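J.: Here is the input, now give the coordinates:
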Amino acid sequence: MNDYASIPFVTEDGEEVEFYVLEQTTLNGFHYLLVEDGSADPEEEDVVVYIMKGAAGSEDEEEMAAYEMVEDEEELISVSKVFEQLMEDTDFEVE
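T.: Prediction:
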């Protein structure tokens with residue numbers, strides 16, 4: 001368990017997965033979250049993280065915000081560079 005804020009994410013199959021928000025930023029009007037699923041071993045230096053993007057039309061305050069995984073490689077690379085700058089002691093490798 002860690003000290004980061006957690007958010008529920010519902011997969012396409014309807015399964016709810018808990019993600020922990022490591023960092024967040026806004027680029028070109030889109031909100032991005034850097035998250036991990038909490039399965040990382042604290043002894044390990046390598047952690048698998050995901051970048052999620054606020055879905056269009058999810059700004060309604062009465063509903064939960066909708067996010068989707070960023071899958072476009074160019075977008076992943078550019079957003080990961082921003083997160084790398086925000087988290088100074090962290091190196092990112094896009095796979």
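J.: Which strand or helix spans the most centrally placed residue in the chain?
T.: By CA atoms, centre = their mean, the chain has its centre lying nearest to L34, at 2.9 Å. Secondary structure assignment for L34, by DSSP states H and E: strand 30-36.
J.: Each with direction, which strands does that strand pair with?
T.: When pairing is defined by DSSP bridges, strand 30-36 lines up against strand 16-27 (antiparallel), strand 50-54 (antiparallel).
J.: To what extent is D89 buried, counted in neighbours?
T.: Neighbouring residues of D89 were enumerated by other CB atoms under 10 Å; the total is 5. From N, CA and C alone the C-beta is placed, and that goes for glycine too.
J.: Let's verify E45: helix, strand, or coil?
T.: What DSSP: H, G, I helix; E, B strand; the rest coil gives for E45 is coil.
J.: Just give me the neighbour total for it.
T.: 7.
J.: Likewise for V21?
T.: 14.
J.: ok, and the closest non-adjacent residue to it?
T.: The shortest distance from V21 to any residue other than its chain neighbours is 4.9 Å, reached at A5 (CB to CB, 6 or more residues apart in numbering).
J.: Quick check: pLDDT value at the one you found.
T.: Here, the pLDDT recorded for A5 equals 82.
J.: how far away is it from I51?
T.: As for A5, its distance to I51 is 16 Å (criterion: CB to CB, to the nearest Å).
J.: of these two, who's got more company?
T.: Neighbours per residue, other CB under 10 Å: of A5 and I51, the larger number sits with I51, 22 against 12.
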